[in-house]
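Colleague: pasting a predicted model and its sequence here:
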Amino acid sequence: MTNMKTFGRTLFIPAMLMLGACCCEKDVVVAPVPPPPPPAAPAPVVAPISDIYFDFDRSELTPSAQSQMKTNAAWLAANADRKAIVEGHCDERGTAEYNMALGERRAASAKDYLVRLGVEAARLQTVSFGSERPIDPGHNEDAWSKNRRVHFEIQ
Amino acid sequence: MRIRKISISAFSFALFCLLFLPAMLKSEETREYISIRKQGAGRISIALDRTSARGGKESEWAKSLDGTIRSGLDFTGLFNLMQAPLNMRTAQGGALNFGALNSVGAEIYTGGTLTKQSGRANLDMEVYDALSGKQLMKRSYSGEEGQLRPMGLQFCADLVELLTGKKSLVFGSRIAFVSNRTGFKEVYMCDFDGQNIVQLTSSKSIALTPAFSPDGKYLAWTDYVSGRPDLYIRNLSDKSTVAVGRPGVSIAPAWRRNTGEVATTLSFEGDQEIYLIKPDGKLSRRVTYSRGIDVSPTFSPDGSQMAFVSARSGRPQIFIQDLQSGASRRLTFSGTYNTQPSWSPLGNKIAYSSLQKNGEINIFIINADGSGLLQLTAGSKFNEYPSWAPDGSMIVFSSNRQGRRKLFVMNADGTNQRPLTQVDGDQQQPSWSTVR
């Protein structure tokens, strides 16, 4: 979903630029010859940013979450113009209120870890959805383990 | 031992009469009745007679009242409602045949007459002790056609008070809750019995944890309408709403009696701590100072103490804090995940939910001093969010025992568990209040 949005936006911006260029040509009689574009630098190959997962009633990052976070931090470093909303989520067990607090602690843990890895804190905003937005609607450990997560919504 | 029991109940009832029932009841007969009842605390068998009426309109009203009274009395879980026997009267319109009532096991007889007087309904109700034949109560209720339900419910309240010696605050009370029937979680309210459902929010976001103020004038809840969970306080009379929008979360508001303050968890200082907020949305003061989650406050009836959930000892447990001294103590030691405390309006008990090893969530009650732990639900998936009736006689909660999350009610001892509402989608987070 996010990727589609991003893709759409990527197409939209050049389209607008071209549109702008066309409009300008009507007014400007002598258009300067545009300089040739610099050769495109090879884009750094970075794995995409991904969700991280937590143990039940825990907000500390597991070793596998820490490993994923290094990838996430690298992506954010390579895409320095992008910001992220760090969303904390919980599984349906326990209570909505406690989970809202727990989700916030998960989001805060993730943000702190990214900041330690060099991402500017100002690019990261946290929000807790508690157990309100499960990614898997199931009622078993398989679903729960997917729902105990921090999701990075890239802006 | 028996004599002592009787004298205590008689004394407490006398005290109760002195405080609440000036010249309302035929106290002599009633006290005797309650004294006898207390020895075997089963359901009271009541023969409910059809309200007699002459004329089409009157009969229609009488039928409506009979329905209200029957379902109202049934709701309390206190009574065994029986059809009046056919030979209940000695002759058509004759005297009551108490022998016939006794033979079917009726302990109490109630019946009445409905008349129409200048367009208004007038209901004359009588209550008899079927064993002795003594009249226990005779009262009249009157109102417009649109007030038939409150009239019937007032009789129910009077009858419960007559037969139990305790004032019933159930009839006329309301329950706020969250439902996702529109596809979004919004706050609703309904009457005590699930009737008359009204949608209160329409933010098309996520609205959670509604709580009416004790005076019924305000509603506090958490809403994601801004994109993150903020506290909202609405004045229900002029509909004005204030938002308490601080960075971070705002979770699970609860009203503190006698001060008009709302307690809620905020995290703008980093940790999730409980704060007191004035109804105008201004911060009153911070209450908790421990590392880790502090959430889900609930107050003793006098507002001097607060029970809440804290993860300060690892997993979530219920704690009690004195608001004056700030001293706190852990209340729950059984179970590893105890949350959602709800302090009884009678002051002595706290209901809460516990996530158990078998994966079920069940409701427990415990005395405020930590004694008397009692499990109220079992063997049925997630039973959550207990909230006491205003008189402490019943508990509303949410359960997914029949599939989706629905509201259920039970008596305060866990008996008589049954569904409350039949609404599409999921219903949860009920909050029972005295609001009329």
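Modeller: Sure, I can see it.

Colleague: quick one, what contacts B:Leu131?
Modeller: Taking C-beta atoms under 8 Å, 6 or more residues apart in numbering or on different chains as the contact definition, B:Leu131 lies against B:Phe98, B:Asn102, B:Glu107. C-beta: built from backbone N, CA, C; applies to glycine.

Colleague: residues in contact with stretch A:133-141?
Modeller: Under C-beta under 8 Å, 6+ apart, the answer for stretch A:133-141 is A:Glu87, A:His89, A:Asp91, A:Glu92, A:Asp142, A:Ala143, A:Trp144, A:Lys146, A:Asn147, A:Arg149, A:His151.

Colleague: ok, back up a step: neighbour-wise, which of the contacts of B:Leu131 leads?
Modeller: Counting neighbours by other C-beta atoms under 10 Å in any protein chain shown, B:Glu107 leads the contacts of B:Leu131 with 23 neighbours.

Colleague: ok, now how distant is that one from chain A?
Modeller: 42 Å (C-beta to the nearest C-beta, to the nearest Å).

Colleague: next up, the contacts around that residue.
Modeller: So B:Glu107 contacts B:Ile44, B:Ser45, B:Ile46, B:Asp129, B:Ala130, B:Leu131 (C-beta under 8 Å, 6+ apart).

Colleague: what of B:Thr241?
Modeller: B:Thr241 makes contact with B:Tyr232, B:Ile233, B:Arg234, B:Asn235 under the criterion C-beta under 8 Å, 6+ apart.

Colleague: let's see that with 6 Å instead.
Modeller: Contact analysis of B:Thr241 by C-beta atoms under 6 Å, 6 or more residues apart in numbering or on different chains lists B:Tyr232, B:Arg234.

Colleague: do the same with B:Val160
Modeller: Contacts of B:Val160 (C-beta under 6 Å, 6+ apart): B:Thr76, B:Ser168.

Colleague: the one 10 residues further on now?
Modeller: Each residue near B:Val170 by C-beta under 6 Å, 6+ apart is listed here: B:Phe192, B:Ala389.

Colleague: where does it land on pLDDT?
Modeller: In this model, B:Val170 is scored at 94, pLDDT.

Colleague: and it, how far is that from B:Lys406?
Modeller: As defined by C-beta to C-beta, to the nearest Å, B:Val170 lies at a distance of 19 Å from B:Lys406.

Colleague: repeat for B:Ser179
Modeller: With the distance defined as C-beta to C-beta, B:Ser179 ends up 10 Å from B:Lys406.

Colleague: between these two, which one's more packed in?
Modeller: Under the neighbour definition other C-beta under 10 Å, B:Ser179 and B:Lys406 were set side by side, and B:Ser179 has more, 25 against 22.

Colleague: shared neighbours, B:Ser179 and B:Lys406?
Modeller: With C-beta under 6 Å, 6+ apart as the test, B:Ser179 and B:Lys406 both reach B:Gln427.

Colleague: buried ones among the contacts of stretch A:133-141?
Modeller: Among these, the ones that count as buried by 16 or more other C-beta atoms under 10 Å in any protein chain shown are A:Glu87, A:His89, A:Asp91, A:Glu92, A:Trp144, A:Lys146, A:Asn147, A:Arg149, A:His151.

Colleague: residues contacting the residue in the stretch 51-200 of chain B that chain A sits nearest to?
Modeller: With C-beta to the nearest C-beta, the shortest gap between the stretch 51-200 of chain B and chain A falls at B:Lys185, namely 7.4 Å. With contact set as C-beta under 6 Å, 6+ apart, B:Lys185 has these partners: B:Val178, B:Ile206, B:Ala207.

Colleague: one step back: of the buried ones among the contacts of stretch A:133-141, which belong to helices?
Modeller: A:Trp144, A:Lys146, A:Asn147 (DSSP state H).

Colleague: burial count for B:Ala368?
Modeller: Using other C-beta under 10 Å, B:Ala368 is surrounded by 17 other residues.
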